[in-house]
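Engineer: Sharing a model that was predicted from the sequence below.
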Amino acid sequence: MQPFTVHWSPVPGALEGEELFALWPSPMNDDVCFREAGFKDFGDGDESWDTDADGLLTRLLEVLSSYGPPRIITEPTARHQSLCRRLFTKAEVFDLRQQIELPMQWDELPDCIVSFGESGVSVRTGSGHYIFWITLPHSDAASFPRLAARVARQHSLVRTELRWERLV
(Lines give C-alpha, C1' and ligand atoms only; values in the text may rest on other atoms or scores of the structure.)
Protein backbone atom coordinates (compact mmCIF):
# COMPACT_ATOMS: atom_id res chain seq x y z
CA MET A 1 0.00 0.00 0.00
CA GLN A 2 1.29 3.45 -0.91
CA PRO A 3 1.83 5.88 1.98
CA PHE A 4 -1.03 8.21 2.89
CA THR A 5 -0.12 11.61 1.40
CA VAL A 6 -1.89 14.94 1.56
CA HIS A 7 -1.97 17.07 -1.59
CA TRP A 8 -2.86 20.74 -1.92
CA SER A 9 -3.05 23.38 -4.58
CA PRO A 10 -4.36 26.87 -5.18
CA VAL A 11 -7.31 26.76 -7.57
CA PRO A 12 -7.97 29.60 -10.04
CA GLY A 13 -11.39 31.18 -10.34
CA ALA A 14 -12.21 32.29 -6.80
CA LEU A 15 -14.50 35.24 -6.23
CA GLU A 16 -12.97 38.68 -5.82
CA GLY A 17 -11.37 39.08 -2.41
CA GLU A 18 -11.18 35.31 -1.90
CA GLU A 19 -8.69 32.56 -2.65
CA LEU A 20 -9.67 28.96 -3.31
CA PHE A 21 -7.51 25.96 -2.38
CA ALA A 22 -7.96 22.23 -2.79
CA LEU A 23 -6.78 19.67 -0.24
CA TRP A 24 -7.07 15.91 -0.79
CA PRO A 25 -5.47 12.63 0.30
CA SER A 26 -3.89 9.89 -1.73
CA PRO A 27 -3.78 7.22 -2.77
CA MET A 28 -7.36 7.60 -3.90
CA ASN A 29 -9.67 5.27 -5.72
CA ASP A 30 -9.24 5.52 -9.46
CA ASP A 31 -11.41 8.40 -10.63
CA VAL A 32 -11.86 9.52 -14.24
CA CYS A 33 -12.16 13.21 -13.28
CA PHE A 34 -8.90 13.16 -11.31
CA ARG A 35 -7.18 11.15 -14.04
CA GLU A 36 -8.27 13.69 -16.69
CA ALA A 37 -7.05 16.47 -14.40
CA GLY A 38 -3.58 14.88 -14.42
CA PHE A 39 -3.53 13.08 -11.07
CA LYS A 40 -1.75 9.73 -10.94
CA ASP A 41 -1.60 8.52 -7.32
CA PHE A 42 -4.40 5.95 -7.32
CA GLY A 43 -4.82 2.87 -5.17
CA ASP A 44 -7.30 1.00 -3.05
CA GLY A 45 -8.00 2.26 0.43
CA ASP A 46 -8.01 0.00 3.46
CA GLU A 47 -8.71 0.38 7.17
CA SER A 48 -5.46 2.29 7.65
CA TRP A 49 -6.41 4.73 4.87
CA ASP A 50 -9.86 5.19 6.44
CA THR A 51 -8.24 5.95 9.82
CA ASP A 52 -5.82 8.44 8.23
CA ALA A 53 -8.64 10.13 6.26
CA ASP A 54 -10.74 10.36 9.41
CA GLY A 55 -7.83 12.04 11.21
CA LEU A 56 -7.34 14.40 8.27
CA LEU A 57 -10.95 15.59 8.50
CA THR A 58 -10.71 15.91 12.29
CA ARG A 59 -7.60 18.11 12.00
CA LEU A 60 -9.12 20.13 9.16
CA LEU A 61 -12.15 20.94 11.29
CA GLU A 62 -9.94 21.81 14.27
CA VAL A 63 -7.74 24.15 12.21
CA LEU A 64 -10.61 25.85 10.40
CA SER A 65 -12.57 26.22 13.65
CA SER A 66 -9.83 28.59 14.83
CA TYR A 67 -11.50 31.08 12.42
CA GLY A 68 -14.85 30.70 14.19
CA PRO A 69 -17.51 28.11 14.99
CA PRO A 70 -18.55 25.88 12.06
CA ARG A 71 -21.99 26.41 10.57
CA ILE A 72 -23.54 24.49 7.68
CA ILE A 73 -24.78 27.03 5.14
CA THR A 74 -26.27 24.57 2.64
CA GLU A 75 -29.45 22.58 3.12
CA PRO A 76 -28.56 19.76 5.53
CA THR A 77 -28.91 16.20 4.29
CA ALA A 78 -31.56 14.29 6.22
CA ARG A 79 -31.65 10.60 7.03
CA HIS A 80 -34.04 8.54 4.93
CA GLN A 81 -37.33 7.95 6.73
CA SER A 82 -40.41 5.99 5.85
CA LEU A 83 -43.41 7.94 4.57
CA CYS A 84 -45.25 7.37 7.82
CA ARG A 85 -42.37 8.77 9.91
CA ARG A 86 -42.04 11.77 7.58
CA LEU A 87 -45.71 12.60 8.11
CA PHE A 88 -45.48 12.64 11.88
CA THR A 89 -41.92 13.55 12.82
CA LYS A 90 -39.34 16.16 11.92
CA ALA A 91 -36.61 14.96 9.57
CA GLU A 92 -33.48 13.80 11.36
CA VAL A 93 -30.37 15.35 9.80
CA PHE A 94 -26.86 13.97 9.87
CA ASP A 95 -24.27 15.57 12.14
CA LEU A 96 -21.71 18.10 10.85
CA ARG A 97 -19.03 15.54 10.12
CA GLN A 98 -21.44 13.28 8.22
CA GLN A 99 -22.76 16.29 6.28
CA ILE A 100 -19.19 16.91 5.09
CA GLU A 101 -18.37 13.26 4.35
CA LEU A 102 -21.52 12.06 2.59
CA PRO A 103 -21.24 14.27 -0.55
CA MET A 104 -17.66 12.99 -1.01
CA GLN A 105 -19.00 9.44 -1.10
CA TRP A 106 -22.24 9.94 -3.05
CA ASP A 107 -22.18 12.22 -6.07
CA GLU A 108 -25.99 12.37 -6.19
CA LEU A 109 -26.06 14.33 -2.91
CA PRO A 110 -25.82 18.13 -3.03
CA ASP A 111 -22.57 19.81 -2.02
CA CYS A 112 -22.01 20.64 1.62
CA ILE A 113 -20.64 24.08 2.50
CA VAL A 114 -19.54 24.92 6.03
CA SER A 115 -18.51 28.43 7.04
CA PHE A 116 -16.38 29.24 10.07
CA GLY A 117 -17.62 32.24 12.02
CA GLU A 118 -17.75 35.52 10.11
CA SER A 119 -14.17 35.10 8.87
CA GLY A 120 -14.92 34.38 5.21
CA VAL A 121 -13.37 30.92 5.62
CA SER A 122 -15.34 27.95 4.34
CA VAL A 123 -14.98 24.37 3.18
CA ARG A 124 -17.03 22.67 0.46
CA THR A 125 -17.31 18.99 -0.37
CA GLY A 126 -19.26 17.20 -3.06
CA SER A 127 -19.47 15.54 -6.46
CA GLY A 128 -18.39 12.19 -5.05
CA HIS A 129 -14.74 13.32 -4.84
CA TYR A 130 -12.69 13.08 -1.65
CA ILE A 131 -11.46 16.65 -1.88
CA PHE A 132 -11.87 19.67 0.36
CA TRP A 133 -12.42 23.01 -1.41
CA ILE A 134 -11.24 25.63 1.09
CA THR A 135 -11.97 29.32 0.66
CA LEU A 136 -9.93 31.91 2.52
CA PRO A 137 -10.08 35.69 2.38
CA HIS A 138 -7.33 37.05 0.12
CA SER A 139 -5.65 38.56 3.20
CA ASP A 140 -5.15 35.04 4.68
CA ALA A 141 -4.16 33.21 1.48
CA ALA A 142 -0.42 33.27 2.14
CA SER A 143 -1.02 31.24 5.32
CA PHE A 144 -2.55 28.28 3.46
CA PRO A 145 0.65 26.19 3.18
CA ARG A 146 1.10 26.42 6.97
CA LEU A 147 -2.59 25.58 7.48
CA ALA A 148 -2.23 22.56 5.17
CA ALA A 149 0.88 21.40 7.05
CA ARG A 150 -1.04 21.51 10.36
CA VAL A 151 -3.82 19.45 8.78
CA ALA A 152 -1.42 16.93 7.20
CA ARG A 153 0.53 16.66 10.48
CA GLN A 154 2.64 13.48 10.26
CA HIS A 155 1.81 12.73 6.63
CA SER A 156 3.75 13.98 3.64
CA LEU A 157 2.36 17.20 2.20
CA VAL A 158 2.77 17.78 -1.54
CA ARG A 159 1.79 20.76 -3.66
CA THR A 160 0.18 19.18 -6.72
CA GLU A 161 -0.95 21.18 -9.75
CA LEU A 162 -3.87 19.77 -11.71
CA ARG A 163 -6.06 20.82 -14.63
CA TRP A 164 -8.76 22.21 -12.36
CA GLU A 165 -11.35 22.72 -15.08
CA ARG A 166 -11.80 18.91 -14.97
CA LEU A 167 -12.74 18.96 -11.27
CA VAL A 168 -14.32 22.32 -10.50
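Structural biologist: Thanks, I have it.

Engineer: Give me the phi and psi angles of N29.
Structural biologist: phi -60, psi 140 (degrees, to the nearest 10).

Engineer: Can you tell me the closest non-neighbouring residue to L61?
Structural biologist: Sequence neighbours aside, P70 is the residue nearest to L61 in space, at 6.6 Å (criterion: Cβ to Cβ, 6 or more residues apart in numbering). Heads up, the C-betas are built off the backbone N, CA and C, glycines and all.

Engineer: who does that neighbour bridge with?
Structural biologist: F116 (DSSP bridges).

Engineer: Show me where this structure has its strands.
Structural biologist: Counting by DSSP state E, the chain has these strands, from start to end: 5-11, 18-26, 70-72, 112-116, 121-126, 129-137, 156-159.

Engineer: Now do the fourth one: everything it contacts.
Structural biologist: By that I understand strand 112-116. Strand 112-116 is touched from outside by 64-65, 67-74, 77, 96, 99-100, 102-103, 121-126, with contacts defined as Cβ atoms under 8 Å, 6 or more residues apart in numbering.

Engineer: now what about the top helix by length along the chain, what contacts it?
Structural biologist: As assigned by DSSP state H, the longest helix anywhere in the chain is helix 47-65. Contact with helix 47-65 is made by 1, 4, 6, 23, 25, 27, 45, 70, 96-97, 100-101, 114, 116, 121, 123, 130, 132, 134, 147, 150-153, 155, as judged by Cβ under 8 Å, 6+ apart.

Engineer: try 7 Å this time
Structural biologist: 4, 6, 25, 70, 97, 100, 116, 121, 123, 132, 147, 150-151, 153, 155 (Cβ atoms under 7 Å, 6 or more residues apart in numbering).
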